[in-house]
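Peer 1: sequence plus predicted model, see below.
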Amino acid sequence: LGGVVARSRAPLVQARSVDEDIRAALVECRLDHPNWGPKKLKAFLKRTQPQIVWPAASTIGDVLKRRGLVGKRQRRRSALPLTRPFAPIAAANQTWCVDFKGWFRTGDGTRCDPLTVSDAMSRYLLGCRICAPTGSAVEVEMDRLLKTFGLPDRLRLDNGSPWGSTGAGGLTGLSVKWLKLGIALEFIT
């Protein structure tokens, strides 16, 4: 019955294990640079000791984790949850939907970020411009549209930049400007 006894299936030799001297060098480097992560540690070690084949950044992270040298990452504050349903749309020009449609590159490699603004009732496209996804660039385009079509009651936006943030109140400078103009903001999730 000795041949029927359960035995460990773990390999006797770990072919891809990290040598102890490399682990010691990783730990020492981390202690010298406590704010550096695995990627930066690997880049530094490759630059200072190029003759050694250093493990992947993920393996370096595992080694540091086993030694208790890495803490958990801080969770980013999520965007504020939607607290009430959207207001009903009863007329044209009452609610505008504003969104960047996703960037792409043109044939010459130029990055394009199309900003679209449409009326929620009629689906009429009020504006479609290529502009940088920054508060100042969007502000210029929105000012042009507000002068052309007047002030809507509400703007329906996603929580992304440049109109939503994870900061106080979930607002950016651009969002605050619109609120001061008397435009209500509806953030979609």
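Peer 2: Looks like it arrived, so ask away.

Peer 1: and the closest residue to Cys112 other than its chain neighbours, what pLDDT?
Peer 2: Nearest residue to Cys112 in three dimensions, chain neighbours excluded: Ile130, at 5.0 Å (Cβ to Cβ, 6 or more residues apart in numbering). Where C-beta positions appear, they are placed from N, C-alpha and C, glycine not excepted. pLDDT recorded at Ile130 is 88.

Peer 1: surely Ile130 touches Thr116?
Peer 2: No - using Cβ atoms under 8 Å, Ile130 is not in contact with Thr116, being 10.7 Å away.

Peer 1: Gly173 contacts Gly135, doesn't it?
Peer 2: Yes - with contact defined as Cβ under 8 Å, Gly173 counts as touching Gly135 (5.7 Å).

Peer 1: between the two, which one's more packed in?
Peer 2: Gly135 (16 against 12; other Cβ atoms under 10 Å).

Peer 1: quick one, what contacts that one?
Peer 2: When contacts are counted by Cβ atoms under 8 Å, 6 or more residues apart in numbering, Gly135 touches 162, 172-174.

Peer 1: quick check: the two most widely separated of the residues you listed?
Peer 2: Spatial extent of the contacts of Gly135 (Cβ to Cβ) is set by the pair Pro162 and Gly173 at 8.5 Å.
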